[in-house]
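In: For reference, the sequence and a predicted model appear below.
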Amino acid sequence: MMAQLSTIVPVVIYLALSFLAALWARKQSQKTSDSHGFIEEYFIGGRSMGGFVLAMSIIASYTSASSFVGGPGVAYKLGLSWVLLAMIQVPTTFLTLGVLGKRFAIMARKTRAVTLTDFLRARYRSDAVVVLCSLALLVFFMAAMLAQFIGGARLFQAVTGYPYIVGLALFGFTVILYTAVGGFRAVVLTDAIQGMVMVFASVVVLVAVVNAGGGMERCVATLKAIDPGLITPTGPGDAVPQPMILSFWVLVGLGILGLPQTSQKCMGYKDSRSMHDAMIMGTLIIGFLLLCVHLAGTLGRAVIPDLPAGDLAMPTLIMKLLSPFWAGVFIAGPLAAIMSTVDSMLLLASAAIIKDLYIHYGLKGDASRMTPARLQTMSLVCTAVIGLIVFAAAIEPPDLLVWINLFAFGGLEAVFLWPIILGLYWKEANASGAVASIVAGVACFFVLSILKPGMGGIHAIVPTSIVAFAAFVIGAKCGRPASDEVIRLFWGEGNGTS
């Protein structure tokens, strides 16, 4: 019993800090005197993020339970090859801010866009694009949040010994509460805290594993004795072939530009210096974090070589190698990863209902018809209701959890990737192209994910991205060109260069 209490104390302290951050953020949002000011503050933090907070927020929103459990679990089975594959994710922050950052932020301010759908509405002037994107965001986000809630609760149960429902309730209600109360500013502030917790936790467990294995050199020698393939670039039995490596460059490279929870952060930074600082800091921090956790999973096989499933690697290593208190500190790491992914999704799902659908269609775009107090109440209620629906679904967890999560993220990339990138950089992009890309991309990804045809190790997102791109270009060529007003707004007059 005492061991259980020692484990849960760091988790409770961390959750309490998250809620205190939300209370502070709520006070900041109450300083706004008009409805648009409240919307900009609640959903995008008044565009005031500095470099460090921006970097940590993108990292925390991108990483999830899979970064701490699923990824290291696969590394346990496939060795250093999976560490190499995981490091493809290192440019995440640099790529997101490098491709989207400056122009996205400029156009968001120019069009007064507060959400990703706001930007798409200003660019394409199409109700079909807005409604499709809003509905897709709600559906795929709720599926992704469900997977995160369940994964976190199961890990909490495995390490602490407390029932599944206790872990689900503990962090589920906390993330719902602080997101609903504090909005975007609470999300990015807690993301910064969560990012630091994740980095610290990853170092703790890696040090424990290396010490238990007798040092790095001895750990690698033990892995080689178990299976020489564990220390090769392609893994045991060529388990990580080149087509898979190339697919990952699309899935976690180009594809991340289509994830709303990370691209949304590009609207909220303060100035160019903040963006440039975040690109450097984010790249270094996420590289260090991913290396530590995946290396811990790989080297863990030298310490405990006979686990029946890779997903048991991290929970087992934590229980066997760390004291109850440090086990609690590590548990705060994946919980932070889960919460920082879920809070961004909750906020964007709430924004889709309030800003993208209700205000635009119900109030004809006139937010001034609602007082800041009413907007705040409505935002709180929407965020809480969405979170509680996901929480209720997670009480009786469904099977096929991994496939739900993968389909959700792939679906988001299929919907948003090309409408965002081509909308920013291609003058000929129009509503017909965007709708064609969304429909064709989602249909292709759904068919490939369900039927699972043999593609030689290529992930479904690769052909999906190609089909969605082709559909966009064909649709754009066949549809009505963007209006002169849109061209002037996005490219100015004259030769149209930005």
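Out: That came through fine. Residues are numbered from 1 along each chain as shown.

In: what's around the closest residue to residue 380 other than its chain neighbours, how many residues?
Out: Residue nearest to residue 380 in three dimensions, not counting chain neighbours: residue 180, with 4.6 Å by Cβ to Cβ, 6 or more residues apart in numbering. Quick note: C-beta positions are derived from backbone N, CA and C, even for glycine. Using other Cβ atoms under 10 Å, residue 180 is surrounded by 25 other residues.

In: Next up, the contacts around residue 180.
Out: Each residue near residue 180 by Cβ atoms under 8 Å, 6 or more residues apart in numbering is listed here: 346, 350, 379, 380, 381, 383, 384, 387.

In: Swap in 7 Å and give it another go.
Out: Counting by Cβ atoms under 7 Å, 6 or more residues apart in numbering, residue 180 touches 380, 383, 384.

In: Which of these lies at the shortest distance from residue 89?
Out: When the contacts of residue 180 are compared for distance to residue 89 (Cβ to Cβ), residue 383 wins out at 28.4 Å.

In: if I read this right, that closest one contacts residue 179, doesn't it?
Out: Yes: assessed by Cβ atoms under 7 Å, residue 383 is found in contact with residue 179 at 5.5 Å.

In: more neighbours, the two?
Out: Using other Cβ under 10 Å, the more surrounded residue of residue 383 and residue 179 is residue 179, with 31 against 27.

In: pretty sure that one contacts residue 346?
Out: Yes: contact between residue 179 and residue 346 holds when scored by Cβ under 7 Å: they sit 4.6 Å apart.

In: what's the overlap in contacts for these two?
Out: residue 383.

In: picking that back up, now secondary structure and pLDDT too, for the contacts of residue 180, in CSV please.
Out: Output for those, formatted as CSV (DSSP: H, G, I helix; E, B strand; the rest coil; pLDDT from 0 to 100):
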residue, secondary structure, pLDDT
380, helix, 80
383, helix, 83
384, helix, 85
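
In: Among those residues, which one lies nearest to residue 283?
Out: residue 383 (31.1 Å).

In: tell me the average confidence for whichever strand or helix holds the residue nearest to residue 380?
Out: Assigned by DSSP states H and E, residue 180 belongs to helix 164-212. On average, the pLDDT along helix 164-212 is 80.

In: Stretch 397-408 now?
Out: Stretch 397-408 comes out at a mean pLDDT of 65.

In: what bits of the stretch 201-350 of the chain have low per-residue confidence?
Out: Within the stretch 201-350 of the chain, the segments meeting pLDDT under 70 span 333-334, 336-337.

In: just the helices in the stretch 201-350 of the chain please.
Out: Taking DSSP state H, counting those that start in this stretch, the helices of the stretch 201-350 of the chain run over residues 216-226, 242-251, 260-263, 272-303, 313-321, 324-351.

In: how about the second one as PDB, C-alpha atoms only?
Out: Pointing back at helix 242-251 there. What follows is helix 242-251, C-alpha atoms only, in PDB (Å, rounded to 0.1, in the frame of the first residue of the first chain):
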ATOM      1  CA  GLN A 242      13.900   0.300 -46.800                       C
ATOM      2  CA  PRO A 243      10.300   0.800 -48.100                       C
ATOM      3  CA  MET A 244       9.100   1.100 -44.400                       C
ATOM      4  CA  ILE A 245      11.900   3.600 -43.700                       C
ATOM      5  CA  LEU A 246      10.900   5.700 -46.700                       C
ATOM      6  CA  SER A 247       7.200   5.500 -45.600                       C
ATOM      7  CA  PHE A 248       8.100   6.800 -42.200                       C
ATOM      8  CA  TRP A 249       9.600   9.900 -43.800                       C
ATOM      9  CA  VAL A 250       6.100  10.600 -45.200                       C
ATOM     10  CA  LEU A 251       4.100   9.500 -42.100                       C
END
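
In: what residues does that helix touch?
Out: Under Cβ under 7 Å, 6+ apart, the answer for helix 242-251 is 85, 88, 456, 457, 458, 459, 461, 462, 465.

In: now that we have the residues you listed, which one has the most neighbours?
Out: residue 461 (29 neighbours).

In: Just give the nearest non-adjacent residue to that residue, would you?
Out: residue 251 (4.8 Å).

In: Name the SS class of the closest residue to residue 243 other than its chain neighbours, please.
Out: Spatial nearest neighbour of residue 243, chain neighbours left out: residue 457 (4.0 Å); criterion: Cβ to Cβ, 6+ apart. State at residue 457, reduced to three classes by DSSP: H, G, I helix; E, B strand; the rest coil: coil.

In: Point me to the helix or strand that includes residue 151.
Out: Going by DSSP H and E, residue 151 is in helix 127-160.

In: now that helix: mean pLDDT?
Out: Helix 127-160 comes out at a mean pLDDT of 84.

In: how far off helix 313-321 does that helix point, in degrees?
Out: Angle, helix 127-160 to helix 313-321, by axes from the mean of the first three to the mean of the last three Cα atoms, to 10 degrees: 30 degrees.

In: distance between helix 127-160 and the chain's centre?
Out: 10 Å (Cα atoms, centre = their mean, to the nearest Å).
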